[in-house]
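A.B. asks: Here is the input, now give the coordinates:
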Amino acid sequence: MTARGPAGLMISAPSSGTGKTTVMLGLLRALAEDGLRVQPFKSGPDYIDPAFHRAACGRASFNLDSWAMAPDLLDRIVTEAAEADLVVAEGSMGLFDGVAFAGATGHGSSAETARRLGWPVVLVVDVSGQAQSAAAVALGFARYQPGLTIAGVILNRVASPRHERLVRLGMEEAGLAVLGALPRRGDLKLPERHLGLVQAVEHPDLDAAIAGYAAFLRAHVDLAALKAAASGGGMAHATGLRLTPPAQRIALAQDAAFSFAYPHLIEGWRRAGAEILPFSPLADEPPPDADLVWLPGGYPELHAGALAAAGRFRAGLRRHAETRPVHGECGGYMALGAALIDKDGTRHEMAGLLGLVTSYEVRKMHLGYRRADLIAPMPGHAPGAVLRGHEFHYSTILDQPDAPLARVIDAEGAAVAETGSVRGAVSGTFFHLIAEGAA
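C.D. replies: This is a model prediction of the structure:
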């Protein structure tokens, strides 16, 4: 049995930094204010934007990743939008940016997801520093890949009415619809840190900021034309999002230090009958009684002193690990280790359940998709299982004495040194799990 999801749009751009996130948040809020049930999605591996999407429209946002997810998982996630009036998905990086696959580039791109699901693309174009030339850029995007529909463009950072008029003339000559023109405003930039945007829970006056974005879009974007341009929805399995949970009762760390968990995983576990028990290491809460403790990624380096001083949390974690499994991803992995050295060179003792020692004193970026072939078991997955995920951090490993958890390669097949670790029932990885499967 199959069901067709609602019509949708993909909000994308030629590159990062064009303003598509603020456009996305303003659009979600404006449509929700108009009484529409809007289902947000995020294309690609991103664990920060979905929380902003939820704050904007009051509905949980899920990642769609055509590199890491098999087609049936993509379909099942989209199925959950079946009761929405409209889908609005936010792209990542540039529209066609993805990894190489079978000699072709763009695998895992926003364009690939939009084409598969039949969603037209709204291209947010930063027109600062150019006029009619912006149309040549947009026209190239419109013609680059057959089978992909560009519904129109939203011009961003327009300097003046004259500037807008010249850009519009170019777009008209190229046969591209202009769905809106946003004047340049310095206050339309979300605060950032080294891993991109700050988390939604950390943003000062987030609701007021999103309301301001929505008002700005109402004044300068043709919302009726945007809604009319939506189409597609793809054919999706009607079984819904149901994933096999790694345990029945899962104690999940959730606070400013540990918040990078992919929403489709947590919701999928919950829908499959697992009980999710949140707790806060930063509040020095021990894990609640559970079958498994799961520490997601986040920013432990910003809270290393507080985590080192959280005696009740660390003692409770150790007691749990004596008889039941513990798993950490990226920041959670670091917190399970022996020590974390912050950017100032100060050493902070961590839980000590693994021998891992990491440092931020000398920063080095680790970024990209990961395929892991498990050597040892981790919660929910047996040796030999193939996992797909994504890694993004700036820490350096100083010591990793435990047995490796997996053989890890990147999207192009090159070996990755960060293999994860396992000691007894405790395991950790630098990659964030997205899905299981080699497809």
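A.B. asks: how about the helices of the protein, start to end?
C.D. replies: Shown for the chain, the helices assigned by DSSP state H span residues 20-33, 49-57, 71-79, 110-117, 133-144, 161-174, 206-220, 223-229, 263-271, 304-309, 311-321, 331-336.
A.B. asks: Determine which of these approaches I434 most closely.
C.D. replies: Across the helices of the chain, I434 has its closest neighbour in helix 263-271 (7.8 Å, CB to CB). Quick note: C-beta positions are derived from backbone N, CA and C, even for glycine.
A.B. asks: Not counting the closest one itself, show me its contacts.
C.D. replies: Contacts with helix 263-271, where a contact means CB atoms under 8 Å, 6 or more residues apart in numbering, come from 50, 60-63, 77, 80, 240-243, 245-246, 250, 252, 276, 433-434.
A.B. asks: picking that back up, check the helices of the chain for me: which has the lowest mean pLDDT.
C.D. replies: Taking each of the helices of the chain in turn, the lowest mean pLDDT turns up on helix 71-79, with a mean of 88.
A.B. asks: care to break the chain down by domain?
C.D. replies: The chain is divided into the following domains under automatic domain parsing: 2-237, 249-436.
A.B. asks: Can you check the pLDDT for the closest residue to A372 other than its chain neighbours?
C.D. replies: Ranked by CB to CB, 6 or more residues apart in numbering and with sequence neighbours excluded, the top spatial neighbour of A372 is A406, at 3.9 Å. In the prediction, the pLDDT value recorded for A406 is 98.
A.B. asks: circling back to that earlier point, can you redo the helices of the chain as a markdown table with mean neighbour count?
C.D. replies: Listed next are the helices of the chain as a markdown table, based on neighbours: other CB atoms under 10 Å:
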| stretch | mean neighbour count |
| --- | --- |
| helix 20-33 | 24 |
| helix 49-57 | 23 |
| helix 71-79 | 21 |
| helix 110-117 | 24 |
| helix 133-144 | 18 |
| helix 161-174 | 17 |
| helix 206-220 | 18 |
| helix 223-229 | 16 |
| helix 263-271 | 20 |
| helix 304-309 | 18 |
| helix 311-321 | 18 |
| helix 331-336 | 29 |
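A.B. asks: With distance to T396 added, can I get those helices in CSV?
C.D. replies: Converted to CSV, the helices of the chain look like this (distance: least, CB to CB, whole Å):
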stretch, distance to T396
helix 20-33, 29
helix 49-57, 27
helix 71-79, 33
helix 110-117, 31
helix 133-144, 38
helix 161-174, 45
helix 206-220, 33
helix 223-229, 45
helix 263-271, 27
helix 304-309, 15
helix 311-321, 23
helix 331-336, 11
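A.B. asks: closest one to M10 among those helices?
C.D. replies: For M10, the closest of the helices of the chain is helix 110-117, at 4.0 Å, according to CB to CB.
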